[in-house]
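> predicted model follows, preceded by the sequence.
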Amino acid sequence: MVTPARSSTMSSADARARTTELLREIRRIEMQTSRLVEQHLAGSYQSVFKGQGIAFSEVRAYEPGDDVRTIDWNVTARTGVPHVKLFTEERELTVMLLVDMSASLDLGSRDYDKRQLVARLAATFAFSAISNNDRVGLIGFTDRVEAFVPPRSGRKHVLAVVQQVLTHEPHSRGTRPSAALEYLARMAKGHAVAVLISDFVDAVDDRGTSWDPRFEHALKVATRRHDVIPIRVEDPIELELPPLGLVAIEDLELLELGSDAYVDLGRGAAQRYRKQVERERDAFERLMRKLSLATVNVRCGSDWQGPLVAYFARRNRRMRH
C-alpha cells in the first residue's frame, strides 16, 4: 500500500488534509461504482463473464446413458469396472486490472483528471467481480510494470486497489501497455478477464499510422488465453487543441521540454495536431477490429457510466446469440 503523502517536505497539516481528501475521493468512487454495479451491471456481469467452463469433480461407476466420452480409462483399467468423470461448472473468475499509471493521466480539463476517471473504471469492474465472488488483481504500468497486487476478493481489497491507482507516483516516463500484457502472460496461468485501461499515449509510431508491433503481438498472445477488454481514456483537450498562439506548456510525459517550454499553437499547428490525432485513433480502431476486440472509449467530462452499460448490453446480446 502506498501512502497518500507525495512529498517528504509536506507539513503534517497538509498531509492530514491530503489524506482526508483522498479518503473522501475513495468513498465517492465506492458510492458511484457500487450504485452502478447494483443497478445496471450485476446481472450483466454474471451473464457475460463465465468461468473456464467445467472443472473435474470426481469419478463414479458408469451408468446406462452416460456419455462414453467421459469414461475415465485409467480408473476403469485399475478397477475393472467402467467409470466416468464428473464435472462441475467453474464459476470463480480472476479479473486482472491492467491500469495505466503514467504521468499523462494527470491531465484533466474537466471535472476530474484521467487518473480519477481510470480509478472509477477500475473500481466498477472490481466491484462487479466481488459481487460475483470473483477475485481482482492489479497490474499497474508505465513503460514498465510498477505495481502488482495479487488477485483477492473482498471490499477492503478493492478499496486498496483504488487507492493504489489514485496515489501511485510513476517512476518511469512513457506508456507501454505491452509491458503489462507481457507480465500478465508470465503470471496468469489460467483464464482471466483482463481489463486494459489506458490513454494509450506513446504506443503509436512516429508517423501516427500504426501501433507498436510489441503491443499488437502482446495483445494477440493475451487474447488466446484471456478475455481482453481495452478501455481508452481521453480528455477533450487531447483531441482538438484550440488555436491559442504561443503558449507555455507543462510536460507530463513525452516531450522532455523542461520547465520553461513554449509551443506555437497557431491555427495551422492546431489543424496539424487534429489530423495527427485522427490518424492515431484510426490506427487504434483498425488494430482493435483486426483482433476482433470490442473497445470502450471514455472521455473526461462526459458520461463515463453510459459507455460501460452499453458495452455490457452489447456483449450480453452477443452471448445470447
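On my side now, so go ahead.

> contacts and neighbour counts: CA atoms only from here.
Noted.

> so what's the residue count around residue 311?
Around residue 311 there are 16 other residues, counting by other Cα atoms under 10 Å.

> low-confidence ranges in this protein?
The model of the chain has pLDDT under 70 over residues 1-10, 50-57, 87-91, 108-110, 202-211, 240-266, 319-321.

> hey, where'd the strands end up in it?
Listed in chain order, the strands of the chain (DSSP state E) span 53-61, 83-90, 94-100, 135-141, 145-152, 193-198, 227-234, 245-249, 261-265, 296-299.

> adding mean neighbour count and distance to residue 280, write the ones you listed out as CSV.
As requested, the strands of the chain are exported to CSV (neighbours: other Cα atoms under 10 Å; distance: least, Cα to Cα, whole Å):
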stretch, mean neighbour count, distance to residue 280
strand 53-61, 12, 38
strand 83-90, 16, 40
strand 94-100, 27, 18
strand 135-141, 26, 21
strand 145-152, 18, 24
strand 193-198, 23, 14
strand 227-234, 20, 12
strand 245-249, 13, 22
strand 261-265, 14, 19
strand 296-299, 18, 14
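
> okay, buried residues for stretch 34-46 please.
Buried residues in stretch 34-46, defined by neighbour count with 16 or more other Cα atoms under 10 Å: 34, 36-37, 40-46.

> got the end-to-end distance for that stretch?
15 Å (Cα to Cα, to the nearest Å).

> ok, stretch 76-85 next?
The distance separating the two terminal residues of stretch 76-85, taken as Cα to Cα, comes to 11 Å.

> please apply the same query to stretch 222-236.
This stretch, stretch 222-236, spans 30 Å end to end (Cα to Cα).

> got a list of what residue 129 touches?
45, 95, 135-136 (Cα atoms under 8 Å, 6 or more residues apart in numbering).

> give me the phi and psi angles of the residue at the greatest distance from the centre of the chain.
With distances taken from the mean C-alpha point of the chain and given as Cα atoms, centre = their mean, the most distant residue is residue 80, at 51.6 Å. The phi and psi values for residue 80, taken as degrees, to the nearest 10, are phi 80, psi 0.

> do you know how far it is from residue 62?
12 Å.

> do residue 287 as well
In this view, residue 287 and residue 62 are 50 Å apart by Cα to Cα.

> ok, now residue 113?
Residue 113 sits 61 Å away from residue 62 when distances are taken as Cα to Cα.

> same question, residue 17
Residue 17 sits 68 Å away from residue 62, taking Cα to Cα as the criterion.

> who has more neighbours, those two?
Neighbours around residue 17 and residue 62, counted as other Cα under 10 Å, are more numerous at residue 62. The numbers are 18 against 13.

> could you verify my assumption that that one touches residue 86?
No. Under the criterion of Cα atoms under 8 Å, residue 62 makes no contact with residue 86, lying 10.6 Å away.

> please name the nearest non-neighbouring residue to residue 149.
Nearest residue to residue 149, sequence neighbours excluded (Cα to Cα, 6 or more residues apart in numbering): residue 138, at 4.9 Å.

> that neighbour is in contact with residue 99, isn't it?
Yes. Residue 138 sits in contact with residue 99 when judged by Cα under 8 Å, with a separation of 7.2 Å.

> rewinding a little: show me which of the contacts of residue 129 is closest to residue 215.
The closest of the contacts of residue 129 to residue 215 turns out to be residue 95 (Cα to Cα; 20.5 Å).

> who does the closest one bridge with?
On the basis of DSSP bridges, residue 95 is bridged to residue 136, residue 193.

> which residues touch it?
Taking Cα under 8 Å, 6+ apart, one finds 126, 129, 134-137, 151, 192-195 in contact with residue 95.

> can you list those in CSV and add distance to residue 158?
Conversion of the contacts of residue 95 to CSV gives the following (distance: Cα to Cα, whole Å):
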residue, distance to residue 158
126, 6
129, 10
134, 11
135, 10
136, 7
137, 9
151, 10
192, 17
193, 16
194, 16
195, 15
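
> and of those residues, the nearest to residue 277?
Using Cα to Cα, the shortest approach to residue 277 within these belongs to residue 195, at 23.8 Å.

> tell me the contacts of that closest one?
Residue 195 makes contact with 95-99, 228-231 under the criterion Cα under 8 Å, 6+ apart.
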